[in-house]
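Chemist: Could you look at this predicted model? Sequence included:
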Amino acid sequence: MNKEILVVGSINVDTTIYLDRFPKEGETINASYKSVAAGGKGSNQAFAAKRSGANVHFLTALGKDQEGDFLLPILQKEGLDQNVVFCDLPTGNATILVNQAGQNEIMIMEGANGFISPAVIEEKRELFEKAQFIVLQNEISMATNEYILKRYGDSKTILYNPAPAKKISQEALRKAAYLIPNETELALLTGTSNIEEGARYLLSLGVKNVLVTVGSQGSYLFNSKGQHHCAPHLVKAIDTVAAGDTYLGYFVGSLAQGLSSEKAMETASKASAIAVTKKGALPSIPTKEEVQAAHI
Ligand code: RIB
């Protein structure tokens, strides 16, 4: 069994700057290293799902510019270029600072990612009809996410990653089969920093599963059956960018290949632990073979 996954979301050129520590306001400091690579939450999640062995389609947008020319072959190489729409906006960009502890600060410029509108969704209706799983994040317009959640939430399994944190209508939110926030995003959505309280509130709205990722504390799944905790794989993190995306991609990829939510959490947790041991977003996402072979 290998059900179809449709990821609708962003793709960015990530410029990552590695520093000993983050600069203070008004301060200039030396960086140790700079890299330019593919990223974007949607793209990272699509690549992770694909590398888990799943059958994945990726609906995204590129500008007709140098950065679009840089990203297109990367999508082609992974077989994820079939549903790229081109537009007159600049290709999305992210500037990322990573400190010595592997923590990051990210600034994004939406650009072409903002081009994915409800009209584009309608044009690509066939893709949505064929998919069993739909994956969304917050780097495309909220109007588009809300449109997809309301239009397909009752007939498809939608996994919604509310990152970066933004407000969304309850009417749309309750259509998510899996809501997958980290603890900061959960607090913004619910007004509480208590994970269980926040998750139970979301379940009471109608969300079927709340899967909270808590970095070095692992992940927690809440649903009508109760609560399940997946322990983290403790590794030395050098760059945590795309760890959450790798987790989500491997989680949905595992569900689509027939694993239970609990087993999918284990695979996702292992894949994201491997990702934090490597630099970059997309370059850090492991293949299925790497995940199977890793003893961590
Ligand atoms: O989640 C990591 C991603 O966030 C980066 O690849 C960057 O593009 C930003 O969108």
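Modeler: In hand now; what should we look at?

Chemist: Pull the number of nearby residues for D69.
Modeler: By other CB atoms under 10 Å, the residues close to D69 number 12. In short, each C-beta sits where N, CA and C put it, glycine included.

Chemist: Pull up the per-residue confidence for it.
Modeler: Note on D69: pLDDT of 98.

Chemist: Now do stretch 182-200: distance from first to last residue.
Modeler: Distance between the two ends of stretch 182-200: 15 Å, counting by CA to CA, to the nearest Å.

Chemist: can I get the CA coordinates of the longest strand seen in the chain in PDB?
Modeler: Identified as the longest strand of the chain according to DSSP state E is strand 55-63. Listed next in PDB are the C-alpha coordinates belonging to strand 55-63 (Å, rounded to 0.1, in the frame of the first residue of the first chain):
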ATOM      1  CA  ASN A  55       4.400   8.500  -3.600                       C
ATOM      2  CA  VAL A  56       4.600  12.400  -3.500                       C
ATOM      3  CA  HIS A  57       3.400  15.300  -5.600                       C
ATOM      4  CA  PHE A  58       4.500  18.800  -4.800                       C
ATOM      5  CA  LEU A  59       2.500  21.900  -5.800                       C
ATOM      6  CA  THR A  60       4.700  24.900  -5.500                       C
ATOM      7  CA  ALA A  61       5.700  28.200  -7.300                       C
ATOM      8  CA  LEU A  62       8.900  29.600  -8.700                       C
ATOM      9  CA  GLY A  63       9.800  33.000 -10.200                       C
END
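
Chemist: Is the ligand within reach of it?
Modeler: No. If you take CB under 6 Å from any ligand atom as the test, strand 55-63 misses the ligand, and the best it gets is 12.1 Å.

Chemist: and if you look at stretch 110-125?
Modeler: No. Applying CB under 6 Å from any ligand atom, one finds stretch 110-125 separated from the ligand by no less than 8.9 Å.

Chemist: May I have that stretch exported as PDB, CA atoms only?
Modeler: Taking Å, rounded to 0.1, in the frame of the first residue of the first chain, the C-alpha atoms of stretch 110-125 are listed here in PDB:
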ATOM      1  CA  GLU A 110       7.500  35.100   0.500                       C
ATOM      2  CA  GLY A 111       7.800  36.100  -3.200                       C
ATOM      3  CA  ALA A 112       6.500  33.400  -5.600                       C
ATOM      4  CA  ASN A 113       5.100  31.300  -2.700                       C
ATOM      5  CA  GLY A 114       2.400  33.900  -2.400                       C
ATOM      6  CA  PHE A 115       1.300  33.100  -5.900                       C
ATOM      7  CA  ILE A 116      -0.400  29.900  -4.800                       C
ATOM      8  CA  SER A 117      -4.000  31.200  -4.600                       C
ATOM      9  CA  PRO A 118      -7.400  29.400  -4.400                       C
ATOM     10  CA  ALA A 119      -7.600  29.900  -8.300                       C
ATOM     11  CA  VAL A 120      -4.300  27.900  -8.700                       C
ATOM     12  CA  ILE A 121      -5.800  25.200  -6.400                       C
ATOM     13  CA  GLU A 122      -8.900  25.000  -8.600                       C
ATOM     14  CA  GLU A 123      -6.700  24.700 -11.700                       C
ATOM     15  CA  LYS A 124      -4.900  21.800 -10.100                       C
ATOM     16  CA  ARG A 125      -8.200  20.200  -8.900                       C
END
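
Chemist: Mind listing residues that contact that stretch?
Modeler: Under the criterion CB atoms under 8 Å, 6 or more residues apart in numbering, residues 8-12, 40, 42, 59-63, 68, 83, 85, 87, 89-93, 128, 139-141, 143-144, 147-148, 151 lie in contact with stretch 110-125.

Chemist: same question, stretch 289-296
Modeler: Under CB under 8 Å, 6+ apart, the answer for stretch 289-296 is S52, H233, V235, Y250, T267, K270, A271, A273, I274, P286.

Chemist: swap the cut-off to 10 Å and go again
Modeler: 51-53, 233-235, 246, 250, 267-275, 277, 286-287 (CB atoms under 10 Å, 6 or more residues apart in numbering).

Chemist: Please spell out the PyMOL selection for the buried subset of the residues you listed.
Modeler: The buried residues among those can be selected in PyMOL (16 or more other CB atoms under 10 Å) with this line:
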select buried, resi 51+52+53+233+235+246+250+267+268+269+270+271+272+273+274+275+277+286
